[in-house]
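Asks: Predicted model follows, preceded by the sequence.
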Amino acid sequence: MSEAAKWYIIHTYSGYENKVKQDIEKVVENRKLHDLILEVQVPTETVTEITDGKTKELERKLFPGYVFLKMVYTDDTWHVVKNIRGATGFVGPGSEPTPLSEEEVAKMGVDIGGNIEVNYAVGDTVTISGTAMDGFSGVVQAIHLEDGTVDVLISMFGRETAATLQLNQVIRQDD
């Protein structure tokens, strides 16, 4: 019966995604519906955020307000989902569940890797931190997220010097 399982999307109240996922998993366990509801996912991505020279790993929801569900659509599974607190219904025309293919789910980035975000941009003035050039100021020339580096034009001793630094070795100066 698991070969008849398809991906569906459930709409939830904002912030209830994980609670809806847990509640569905609890109902599946209690009612022994493992052969009908195979997988419940709240797609997330890990983002590395660099602020003021400090690196933080954050987990963000790719689709806030939505839960992905791989299941065999029956009256029982429909009632399970509709009776979960925080779930408002299936995504589809007139709230009729519309199945997605495996390819569509993959294209939506359900299994996405990490991203890096920094709080400075090209042209911003930054201060160098954690190197031999601590305290010097410079202007961001290029950001290379894939390499984890940033090119900065630093003004030292009356001359401008280009330097390539790690993303967390520069701190944006607030104007």
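Replies: Done, it's in.

Asks: Report the beta-bridge partners for the most centrally placed residue in the chain.
Replies: Nearest to the mean C-alpha position of the chain, by Cα atoms, centre = their mean, lies Glu45 at 2.8 Å. Beta-bridge partners for Glu45, by DSSP bridges, are Arg60.

Asks: from what I can see it touches Glu59, true?
Replies: Yes: between Glu45 and Glu59 there is a contact at 7.4 Å, judged by Cβ atoms under 8 Å. For every residue, glycine as well, the C-beta is placed using N, CA and C.

Asks: Just give me the longest helix of this protein.
Replies: Looking across the chain with DSSP state H, the single longest helix is helix 17-31.

Asks: With only the CA atoms kept, save the helix or strand following it in PDB.
Replies: Using DSSP states H and E, the helix or strand that directly follows helix 17-31 along the chain is strand 37-41. Extracted in PDB, the C-alpha atoms of strand 37-41 (Å, rounded to 0.1, in the frame of the first residue of the first chain):
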ATOM      1  CA  ILE A  37       1.100   8.000   6.800                       C
ATOM      2  CA  LEU A  38       4.800   7.300   6.000                       C
ATOM      3  CA  GLU A  39       6.600  10.600   6.500                       C
ATOM      4  CA  VAL A  40       5.900  14.100   8.000                       C
ATOM      5  CA  GLN A  41       8.400  16.900   7.400                       C
END
